[in-house]
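Student: When you get a sec, could you give me coordinates for this:
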Amino acid sequence: MRTVCVIAAKEIQEGLRNRWVLATTLLLAGLALTLTFLGSAPTGQVGVRALDVVVVSLSSLTIFLLPLIALLIAHDAIVGDMERGTMLLLLSYPVGRGEVVLGKFLGQVAVLAFATLVGYGAAAVALLAGGTAIDGESLAAFAAMMGSSVLLGAAFVALGHLVSARARDRGTAAGVAVGIWLFFVLLYDMGLLGLLVADRGRLVSARMLDVLLLLNPADAYRLFNLAGSGGVGRFSGMAGLAASAGMGPSVLLAALALWTAVPLGLAALSFSRREL
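Tutor: Okay, the predicted model is just below:
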């Protein structure tokens with residue numbers, strides 16, 4: 001375990017040196033503050049709590065932005081070190097390939113988690129500084145959103161490691177990573193919507209729809225945050241979907257955890273069989 005921690009610390013240092021931590025934190029904080037000040041303006045007129053609006057806005061932002069950041073951080077974690085020759089040096093020490101994958105994964109998730117928690121936390125601090133009243137339910141929804149955002153980022157970091165473990169070069173890994181982002185964030189839901197429209201309830205049952213939604217980590221994240229809390233669900237318009245879906249928060253979080261564990265395990269397996 002000590003070796004894994006050393007490799008993770010090295011990844012964090014590289015993130016600091018390459019300004020990934022600073023750039024990601026500033027980007028998320030800037031967008032979070034912008035959405036907070038623009039989105040919370042009409043809440044007094046429509047009777048919606050300000051922090052609920054922030055949760056809906058940041059959840060929608062996270063689905064598009066955080067997977068892309070995670071894939072950009074992770075897509076060359078293995079193949080990049082192989083091209084630079086540093087992987088041979090690293091493996092000359094008494095360290096296993098599985099430890100290398102796990103250490104790099106933990107370090108990159110730590111970088112992403114720090115940027116997410118600080119960046120999004122700035123939105124709640126801004127509301128408190130402005131004198132906005134925040135109740136317990138809204139605060140719990142906001143905390144759940146930040147935690148699940150880290151888990152969503154971890155899932156796409158794991159997917160990035162899988163790509164990096166199997167790609168021949170960094171250019172191929174980057175192209176596949178962008179393709180994965182397009183598929184899960186944009187194309188999957190468009191295809192699912194087209195399937196539902198064409199099917200008209202004949203073959204796709206409610207249970208099958210639940211399974212299809214769980215096959216996309218972005219959809220599992222969306223359902224957890226936008227259909228979970230009462231106030232957030234009513235404002236996002238997904239309260240009806242939450243009532244009809246047979247998936248509770250624990251199932252959705254378990255799906256995100258599986259989307260992290262399975263690709264990471266496959267990445268370790270692929271890397272263990274790869275010739276340097």
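Student: tell me the SS of residue 247?
Tutor: coil (DSSP: H, G, I helix; E, B strand; the rest coil).
Student: List the contacts of it.
Tutor: 210, 213, 214, 223 (C-beta atoms under 8 Å, 6 or more residues apart in numbering). Every C-beta, even on glycine, is put in place using the N, C-alpha and C of the backbone.
Student: ok, and the most crowded of those?
Tutor: Neighbour count (other C-beta atoms under 10 Å) singles out residue 223 as the most crowded of the contacts of residue 247, with 23 neighbours.
Student: That one reaches residue 253, doesn't it?
Tutor: No - Residue 223 lies out of contact with residue 253 (C-beta atoms under 8 Å); the separation is 10.7 Å.
Student: Tell me how many other residues crowd residue 18.
Tutor: Residue 18: 12 neighbours (other C-beta under 10 Å).
Student: An error on my part: the question was meant for residue 267.
Tutor: Neighbours of residue 267 (other C-beta under 10 Å): 27.
Student: any idea how far it is from residue 105?
Tutor: 8 Å (C-beta to C-beta, to the nearest Å).
Student: again, but for residue 254
Tutor: 19 Å.
Student: ok, the two, which is more surrounded?
Tutor: residue 105 (26 against 14).
Student: my guess is that one meets residue 155, correct?
Tutor: No - using C-beta under 8 Å, residue 105 is not in contact with residue 155, being 11.1 Å away.
Student: hang on, the earlier thing: which members of the contacts of residue 247 are positioned in helices?
Tutor: Judged by DSSP state H, these include 210, 213, 214, 223 as members of helices.
Student: Now flag whichever of those is closest to residue 182.
Tutor: Among the ones in helices among the contacts of residue 247, residue 213 lies closest to residue 182 (C-beta to C-beta), at 18.4 Å.
Student: which residues does that closest one contact?
Tutor: If you count contacts by C-beta under 8 Å, 6+ apart, then residue 213 has 192, 219, 220, 223, 245, 247 around it.
Student: Going by distance to residue 276, which of the residues you listed wins?
Tutor: Taking C-beta to C-beta as the measure, residue 276 sits nearest to residue 220 out of those, at 35.6 Å.
Student: Touching, that closest one and residue 252? I think so.
Tutor: Yes - counting by C-beta under 8 Å, residue 252 is a contact partner of residue 220 at 4.8 Å.
Student: Name the residues contacting each of those two.
Tutor: residue 214.
Student: Now do the buried residues in stretch 168-181.
Tutor: 170, 173, 174, 176, 177, 180, 181 (16 or more other C-beta atoms under 10 Å).
Student: how close does residue 258 sit to residue 7?
Tutor: Counting by C-beta to C-beta, the separation of residue 258 from residue 7 is 24 Å.
Student: Common neighbours of residue 267 and residue 105, please.
Tutor: The contact lists of residue 267 and residue 105 share 158, 161, where a contact means C-beta under 8 Å, 6+ apart.
Student: before we move on, back to that, give the residue from residue 258 and residue 7 that has the larger number of neighbours.
Tutor: Each of residue 258 and residue 7 has its neighbours counted (other C-beta under 10 Å); residue 7 has more, 21 against 14.
Student: biggest helix in the chain by residues?
Tutor: helix 97-129.
Student: Report all helices and strands that that one contacts.
Tutor: When contacts are defined as 3 or more C-beta pairs under 8 Å, 6 or more residues apart in numbering; DSSP states H and E, helix 97-129 sits against helix 2-17, helix 20-39, helix 50-74, helix 86-91, helix 136-166, helix 249-272.
Student: quick revisit: min pLDDT across the ones in helices among the contacts of residue 247, which one?
Tutor: Here the lowest pLDDT out of the ones in helices among the contacts of residue 247 sits on residue 210, with 84.
Student: Next one: that one from residue 262, what distance?
Tutor: 19 Å.
Student: and if you look at residue 181?
Tutor: From residue 181 over to residue 262 (counting by C-beta to C-beta), the distance is 18 Å.
Student: Then residue 202?
Tutor: 31 Å.
Student: Show me which pair in the contacts of residue 213 is furthest apart.
Tutor: 192 and 247 (15.4 Å).
Student: which residues does residue 204 contact?
Tutor: 195, 196, 212.
Student: Repeat that for residue 98.
Tutor: 268, 271, 272.
Student: residue ranges with poor pLDDT in the stretch 101-250 of the chain?
Tutor: Across the stretch 101-250 of the chain, the ranges flagged by pLDDT under 70 are 131-133, 201, 228-246.
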